[in-house]
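A.B. asks: One predicted model, sequence on top.
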Amino acid sequence: MATKFTALLCSTLALSAASALAESYQPQVFAFGPLVLDLHHQMVRFGPEDRPLVDCSDPSTFCVRSDLVTFAVPRRCADLQKERFGSGDVETIVLQRKVDGGTKPDFAREMLLGNPSRPNVVVGYEATFGVTYIFYDSQRKLDLVKLAREGKLTEMVKTDNYTFNIKRRLITFDKLAPCEA
């Protein structure tokens, strides 16, 4: 009887510990191909190069800032209706909203985000999944923000080899900054 009790107690404790770990788990590393955001070590890596990464988030906005990639997205889904998101000195502008594969000017849950002050970076965002890809032109040859505003960026990726190589899809399992209802 004592053995069954001990086994039950150990099982219950193990489940409680696993549940507590699962509840406190916060993803820290997000890989977009060779572009890696490491929130724990506060670093962004592109290929062999490491740079400092600042978590500039506040209660209403998820925000990261570095000299390679900078963006802010709202934590609440209702705030996705706005045209600009920001935290401190970081501002992200909605460049394009997409619904069912078409472009619409009204509120949509899938969008391209960026800022004209950083024309070599555009972020793909979906409410359910968060940041799903990052367009990053390390050579700064293209104005990705302008291409996104004109609705040309996603089509260009399909046909242009240079642009195809700058789209970085999230390849890690965890979601980066999905909004909450």
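C.D. replies: Good, I have the coordinates.
A.B. asks: Every contact and neighbour count from this point should use C-alpha atoms.
C.D. replies: Noted.
A.B. asks: Work out for me the element the residue sitting nearest the centre point of the chain sits within.
C.D. replies: Geometric centre of the chain, nearest residue: Val131, 2.8 Å, by Cα atoms, centre = their mean. When elements are assigned from DSSP states H and E, Val131 belongs to strand 130-136.
A.B. asks: for stretch 54-67, how far is the first residue from the last?
C.D. replies: End-to-end span of stretch 54-67 (Cα to Cα, to the nearest Å): 10 Å.
A.B. asks: Just the buried residues of that stretch, please?
C.D. replies: If you call a residue buried by 16 or more other Cα atoms under 10 Å, then stretch 54-67 has these buried ones: Val54, Cys56, Ser57, Thr61, Phe62, Cys63, Val64, Arg65, Ser66.
A.B. asks: Equivalent analysis for stretch 39-57, please.
C.D. replies: Using 16+ other Cα under 10 Å as the test for burial, stretch 39-57 gives Leu39, Gln42, Met43, Val44, Arg45, Phe46, Pro52, Leu53, Val54, Cys56, Ser57.
A.B. asks: Please enumerate the helices of this structure.
C.D. replies: Shown for the chain, the helices assigned by DSSP state H span residues 2-24, 144-149, 153-159, 161-164.
A.B. asks: Which of these has the lowest mean pLDDT?
C.D. replies: Averaged per stretch, pLDDT over these is lowest on helix 2-24, reaching a mean of 48.
A.B. asks: biggest strand in this structure, by residue count?
C.D. replies: For the chain, the longest strand by residue count, based on DSSP state E, is strand 90-99.
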